[in-house]
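Novice: Quick one, structure for this:
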Amino acid sequence: MRTTQRLLRSGLTVAATAALPLTLAAPAAVAWGSGISVSTSGTSVSVTTSACPSNGSSFGNASLLSSGQSNFAQGRQMPLTGTSGNQSAAWTGVSPGTFTVIVVCQDGTTAGTQAIVVAASAAPATPTISTTVSPSPSASASRGVMGGLGGAVKDYGTATVVGGGILVVAGTLAAGWFLRRRSKPHRL
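Specialist: Numbering: from 1, shown residues only. As a prediction, this is how the structure comes out:
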């Protein structure tokens with residue numbers, strides 16, 4: 001009876017440990033599924049996607065929304081250019097602040113939405129005092145909370161995921177071996 005209980009407990013532990021890499025990988029897969037990748041360099045913001053099919057003449061548009069804007073039409077719009085495998089758009093001369101990039105394909109589907117922060121290029125020579133104004137209730141209600149996974153979203157590739165899985169399996173086997181050795185009675 002004791003052996004059966006131990007095997008059952010260790011089997012459940014192994015099953016939970018085997019499922020761990022799948023649960024940790026799930027948020028990255030969902031976030032990457034948004035379909036766009038946004039980057040910033042100085043006062044330039046660029047977006048790339050491969051989610052928009054061409055209708056022969058265009059792929060769609062991308063819009064850069066500042067904090068006070070709530071829909072696609074209010075932002076700075078740029079047409080997507082590129083090939084059927086990779087489309088992009090870029091904005092230059094973007095002032096520091098928090099922005100939302102939205103990509104809408106020519107067929108009307110949204111390829112993705114992502115928030116980005118454009119940092120100031122250089123610190124002012126003399127300190128300045130500024131006040132922060134709270135957003136109006138209507139602006140925050142229409143855009144929602146700008147949350148996300150931060151730096152946790154990255155496409156690591158197959159080799160990294162396999163390497164992590166091997167480490168998890170090795171750790172599970174080592175823990176099982178240690179617990180098995182510990183449960184045996186010590187004989188002199």
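
Novice: what stretches of the chain score poorly on pLDDT?
Specialist: By pLDDT under 70, the weakly predicted segments of the chain are 1-34, 121-155, 186-188.

Novice: Helices of that one, residue ranges please.
Specialist: Listed in chain order, the helices of the chain (DSSP state H) span 2-32, 137-143, 158-183.

Novice: who's in contact with residue 119?
Specialist: Residues counted as contacts of residue 119 (C-beta atoms under 8 Å, 6 or more residues apart in numbering) are 40, 96. C-betas here are computed from N, CA, C, even on glycine.

Novice: Quick check on it: phi, psi?
Specialist: Per-residue torsions, residue 119: phi -80, psi 160 (degrees, to the nearest 10).

Novice: And for residue 120, the neighbour number?
Specialist: Neighbourhood size, residue 120 [other C-beta atoms under 10 Å]: 10.

Novice: That one and residue 112, how far apart?
Specialist: Separation of residue 120 from residue 112 (C-beta to C-beta, to the nearest Å) stands at 26 Å.

Novice: And for residue 70?
Specialist: Residue 70 is 17 Å from residue 112, where distance means C-beta to C-beta.

Novice: just residue 78 next, same as before
Specialist: Where residue 112 is concerned, residue 78 sits at a distance of 15 Å (C-beta to C-beta).

Novice: cool, residue 162 as well?
Specialist: 27 Å.

Novice: Between these two, which is the more surrounded one?
Specialist: Ranked by neighbour count (other C-beta under 10 Å), residue 162 and residue 112 place residue 112 first, with 20 against 11.

Novice: Skipping adjacent residues, who's closest to residue 65 in space?
Specialist: Nearest non-adjacent residue to residue 65, counting by C-beta to C-beta, 6 or more residues apart in numbering: residue 75, 3.9 Å away.
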